[in-house]
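Student: Test case, fold it:
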Amino acid sequence: MRLLLAFAVLLPIVLGQQVNVTIFTESQCPYCTKLMREQLWPFYITQPGIMNLQIIPFGKGDCQYDYNRNFACTCMHGPTECDLNRLQNCAISYFPRRHLGLVTCIQGLGTLREAFSRCLSRLSPRTQQKLIECSTTQTGELLNYYSMVNTHRTGVKARS
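Tutor: Prediction:
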């Protein structure tokens, strides 16, 4: 079994191919935080180019379109999780190929303000402003909606 697993992991490397990996996550889920910080990020750093990674920050939540033509999302772990999911989705949208470090930094934090100060400080002021604006407006909520659609396609839905 180990030989088969090693072959499955090493064959794409030998052939120069990447393994496609999709992670469905929630920004305040402790298990997702542990996975991203202790396994995914270290592996990604030590084995660059091995996987084509897609992260979908949403989880078990729902979004509704209201009469004012606005989206309003609810998340399993509460409103702060939706805020942080929005920021993660904005980071993914603005940095499609280089977002994992920023998304991992945001993962598991307590507030949006904490994420702004801890995770955006190394970015240019212009980029910081774009991410803050995205994550606090309907732009970010629309990105949450898209993540919800992708999550629901897998059969994961909010509990009734």
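Student: So which residues of this structure form helices?
Tutor: Using DSSP state H, the helices found in the chain span residues 2-14, 30-34, 41-46, 79-94, 100-106, 112-119, 125-135, 138-153.
Student: Those: which one's closest to residue 64?
Tutor: Residue 64 lies closest to helix 138-153 among the helices of the chain, at 9.4 Å (Cβ to Cβ). Backbone N, C-alpha and C define where each C-beta goes, glycine included.
Student: what's that closest one packed up against?
Tutor: strand 51-57, strand 62-65, strand 71-74, helix 79-94, helix 125-135 (3 or more Cβ pairs under 8 Å, 6 or more residues apart in numbering; DSSP states H and E).
Student: Run the chain-centre distance for it.
Tutor: 11 Å (Cα atoms, centre = their mean, to the nearest Å).
Student: what residues does it touch?
Tutor: Under the contact criterion Cβ atoms under 8 Å, 6 or more residues apart in numbering, helix 138-153 has outside partners 24, 56-59, 61-63, 70-73, 82, 85-87, 89-90, 92-93, 133-134.
Student: same question, stretch 120-132
Tutor: So stretch 120-132 is contacted by 87, 90, 91, 94, 102, 116 (Cβ under 8 Å, 6+ apart).
Student: again with stretch 81-93
Tutor: Contacts of stretch 81-93 (Cβ under 8 Å, 6+ apart): 26-28, 55, 57-59, 61, 73-75, 99, 102-103, 106-107, 109, 111-112, 115, 131, 134-136, 139-141, 143-144, 146-147.
Student: Drop anything exposed from the contacts of helix 138-153.
Tutor: Buried members of those, counted by 16 or more other Cβ atoms under 10 Å: 24, 56-59, 61-63, 71, 73, 82, 85-87, 89-90, 92-93, 134.
Student: got the contact list for the residue nearest the centre of the chain?
Tutor: Against the mean C-alpha coordinate of the chain, by Cα atoms, centre = their mean, the closest residue is residue 57 at 3.8 Å. Contacts for residue 57 (Cβ under 8 Å, 6+ apart) come out as 25, 26, 27, 84, 85, 88, 89, 92, 103, 147.
Student: Could you say which of the helices of the chain is packed most deeply?
Tutor: helix 79-94 (a mean of 24; mean count of other Cβ atoms under 10 Å).
Student: Report the angle between it and strand 51-57.
Tutor: Using axes from the mean of the first three to the mean of the last three Cα atoms, to 10 degrees, the inter-axis angle of helix 79-94 relative to strand 51-57 is 140 degrees.
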